[in-house]
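Student: any chance you could fold what I've pasted below:
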Amino acid sequence: MENKDVSSLFIRYLILILVSVPNLWIFYFIFTPITIYPVYLLFNLFFDATLSGNIIAIGGFSIELVDACIAGSAYYLLLILNLSTPKMKKRMKILLLSFTALLIINILRIFLLGSAFVSGYLWFDVTHKLLWYFGSIIFVIGIWFTEVKLFKIKEIPVYSDIKNLYSNLKK
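Tutor: This is a model prediction of the structure:
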């Protein structure tokens, strides 16, 4: 393994650690406003909505967009998958695509769930919990597999790095 490869590996994993240390605040700082405002604008197209901080009021209902709604952990998982894969020349394009895809899916998810809530959908609680516990994982996996196919990624996150390190240590 060349020094360039070792330094790349070190930098990639250092970024992952540094981003996670302050409780993923960077993801919430970036994605909270660009999630809340489009959701609010969508609600305003169909309902008479008002926005106060992270709460969207529609009629007698209030929808609070908490950190779990913003899905900072899902963005972090996408970052992990991308940065723990070696030799990706198109890494910035892939990150931009994956974050944009998740943002759009998340905005639509919040809007559709909120609309169901306001409309009195009988299965709202079950739907909300299923999407909360399993939806973001499925979305992230779907986005990652789409990227793997689109960008012809051959490496396996983390495993390929360990394999490369081990094979070079044996030399």
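
Student: how near is residue 131 to residue 5?
Tutor: 40 Å (C-beta to C-beta, to the nearest Å). To be clear about C-beta, it is placed using only N, CA and C from the backbone, and glycine gets the same treatment.

Student: ugh, wrong one, I meant residue 39
Tutor: Separation of residue 39 from residue 5 (C-beta to C-beta): 42 Å.

Student: those two: which has the busier surroundings?
Tutor: residue 39 (23 against 15; other C-beta atoms under 10 Å).

Student: and the gap between the more buried one and residue 110?
Tutor: 5 Å.

Student: also residue 51?
Tutor: 13 Å.

Student: more crowded one of these two?
Tutor: residue 110 (24 against 16).

Student: quick revisit: overlap in contacts of residue 39 and residue 110?
Tutor: residue 65 (C-beta atoms under 8 Å, 6 or more residues apart in numbering).

Student: low-scoring pLDDT stretches of this protein, where are they?
Tutor: 1-4, 171 (pLDDT under 70).

Student: helices of that one, residue ranges please.
Tutor: In the chain, the helices defined using DSSP state H lie at 3-20, 25-46, 67-70, 72-83, 91-118, 124-130, 136-150, 159-170.

Student: report the backbone C-alpha coordinates of the fourth one in CSV.
Tutor: By that I understand helix 72-83. Taking C-alpha atoms only, helix 72-83 is exported to CSV below (Å, rounded to 0.1, in the frame of the first residue of the first chain):
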residue,chain,number,x,y,z
GLY,A,72,-29.1,13.1,10.7
SER,A,73,-28.1,9.5,11.5
ALA,A,74,-29.2,8.4,8.0
TYR,A,75,-27.0,11.0,6.4
TYR,A,76,-24.2,9.9,8.6
LEU,A,77,-24.7,6.2,7.5
LEU,A,78,-24.5,7.3,3.9
LEU,A,79,-21.3,9.2,4.7
ILE,A,80,-19.9,6.1,6.4
LEU,A,81,-20.8,3.9,3.4
ASN,A,82,-19.1,6.4,1.0
LEU,A,83,-16.0,7.2,3.0
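
Student: any idea which residue sits dead centre in this structure?
Tutor: Centroid-nearest residue in the chain, with C-alpha atoms, centre = their mean: residue 75, separated by 2.6 Å.

Student: near the nearest residue to that one once chain neighbours are set aside, how many other residues are there?
Tutor: Nearest residue to residue 75, sequence neighbours excluded (C-beta to C-beta, 6 or more residues apart in numbering): residue 27, at 4.6 Å. Neighbourhood size, residue 27 [other C-beta under 10 Å]: 22.
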